[in-house]
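A.B. asks: Below is the sequence, then the predicted model.
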Amino acid sequence: MSEARNPKSVRLAVAQTLVREDPRDVEALRESGREVRALMREASAQGARIVHFPEGAICFPSKFVMSVHGPDAVGPADWDRCQWPVLQSELGAIAELARELRLWTVIASVHRLTGPNRPHNSLYVISDRGAVVTRYDERLLSKTKVSYMYSPGVSPVTFEVDGVRFGCLLGMEIHYPELFAEYEKLDVDCVLFSTSGTPGNTAAQAQGHAAVNSYWVSLSGPAQHSAAAPSGIVAPNGHWLARCPTDDSPSVAVVNLDDSSEAAADAVTYGRPWRREARSGIYTDHQVIDPRSDDRTAAF
C-alpha cells in the first residue's frame, strides 16, 4: 500500500571546489570565495534553485596549521590564527549573491563561538533572500576534531525549498547509518552530505544510504579528489543521477529532484512506505504459538 502524496520537484546543483587549508592566508580565503561565487553563477545559469558545497569550501583548517604544537605535531587549535574578518566578509558576499541570484546556498564554514569555546564545524543554509535560515553543526566528529579543534553539534537540521525537505550531514558522518535513518524518520526527501576527504568507500556508502532510505543523497567533496570521488547526486534507487568531472576542476552537476521520475517513483511510492509499515508492528498479529516454532533444533 502506498501513501497518498503530492509530487515534489526542485532543481539541485552539487559542487566540487578546491579546498584550501590555511585560514591565515588572506588571498587563499578570497580566492575560495571567488570560486564559490563563480560556481553559484554557473548553477543559477543551469536553472538550479539550490546549490550544495563541500566541507572546506572557503577553508578547511589544517590540524597542523592550527596546532599550538605545529606544524609537525597535532595539538589544541589556536583559533586566533584564523583571519575571521576575511572569512566573514567572504560569507557575506556569498549571501548577497544568493539574494541576487535567488539561489538557496548550502555552504560549509567554521562557526565562531564565544571564547574560550571551540567553534563548530558547520553548514550554513542561506535562503534565496540572502539570509541564514538555519545552520547544521557536525555532531559525530573525528577524534582529532573533537579532541583539539571543534565543539560538536547536538541536533539534526531540516529545511524546505519549494516543498522539498532537506537534511544536512558533514565531515565523516557518512559512516554513521543511524544519522541517515534519523533523517528518514524526519521525512526528508534529500540529505546533503559535505566532506573534505575521500575515504575509499564514501561513494558506495552514499548509494547505500540513498537506497536503504529511499531518498536522494547529494555528495559534495573537494575538486582535487575528484578522480577518485567526484561530487554527485544519488537517486532514491541508489543509482547516480549526475556526477561532476573527474579532472580536479571546480564544477557543478545539476539535476531535477523529481519524485515522479523513473529513478525515484518506485522507491518513494512503494519501498519507503512499506518499510515504515513493516516497522510499525504489523507482524505481531501473524506470529504463531507452535512447538515446532519454538524448538530451534526441530528436524526437517
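C.D. replies: Structure received. Since the structure is predicted, the reported quantities are computational estimates derived from the model, not experimental observations.
A.B. asks: number of nearby residues for residue 118?
C.D. replies: If you count neighbours by other Cβ atoms under 10 Å, residue 118 ends up with 19. All C-beta spots, glycine's among them, are computed from the backbone N, C-alpha and C.
A.B. asks: and the residue lying closest to it once chain neighbours are set aside, how many neighbours?
C.D. replies: Spatial nearest neighbour of residue 118, excluding adjacent residues (Cβ to Cβ, 6 or more residues apart in numbering): residue 151 at 4.7 Å. Residue 151 has 17 neighbours, counted by other Cβ under 10 Å.
A.B. asks: What of residue 75?
C.D. replies: 14.
A.B. asks: looking at it, it is touching residue 148, isn't it?
C.D. replies: Yes - using Cβ atoms under 8 Å, residue 75 is in contact with residue 148, at 6.2 Å.
A.B. asks: Between the two, which contacts overlap?
C.D. replies: Common neighbours of residue 75 and residue 148 (criterion: Cβ atoms under 8 Å, 6 or more residues apart in numbering): residue 67.
A.B. asks: Could you check the pLDDT of the residue nearest to residue 118?
C.D. replies: pLDDT, residue 151: 98.
A.B. asks: Over to residue 284?
C.D. replies: Turning to residue 284, the model gives it a pLDDT of 87.
A.B. asks: What of the one 3 residues further on?
C.D. replies: Residue 287 carries a pLDDT score of 87 in this model.
A.B. asks: Same check on the one 10 residues further on?
C.D. replies: You'll see residue 297 listed with a pLDDT of 77.
A.B. asks: roughly how far apart are it and residue 287?
C.D. replies: Distance of residue 297 to residue 287, computed by Cβ to Cβ, to the nearest Å: 20 Å.
A.B. asks: Could you report the separation of the residue nearest to residue 118 from residue 173?
C.D. replies: Taken as Cβ to Cβ, the span from residue 151 to residue 173 is 16 Å.
A.B. asks: Do you have the helices of the stretch 51-200 of the chain handy? List them.
C.D. replies: Ranges of helices within the stretch 51-200 of the chain are 63-66, 84-101, 143-144, 177-185, based on DSSP state H, counting those that start in this stretch.
A.B. asks: Could you single out the most deeply buried of those helices?
C.D. replies: The highest average neighbour count among these, using mean count of other Cβ atoms under 10 Å, belongs to helix 63-66 at a mean of 19.
A.B. asks: With just CA atoms, put that one into CSV.
C.D. replies: The C-alpha coordinates for helix 63-66 follow below in CSV (Å, rounded to 0.1, in the frame of the first residue of the first chain):
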residue,chain,number,x,y,z
LYS,A,63,45.1,20.3,12.1
PHE,A,64,48.8,21.0,11.7
VAL,A,65,48.4,24.7,10.7
MET,A,66,46.2,25.3,13.7
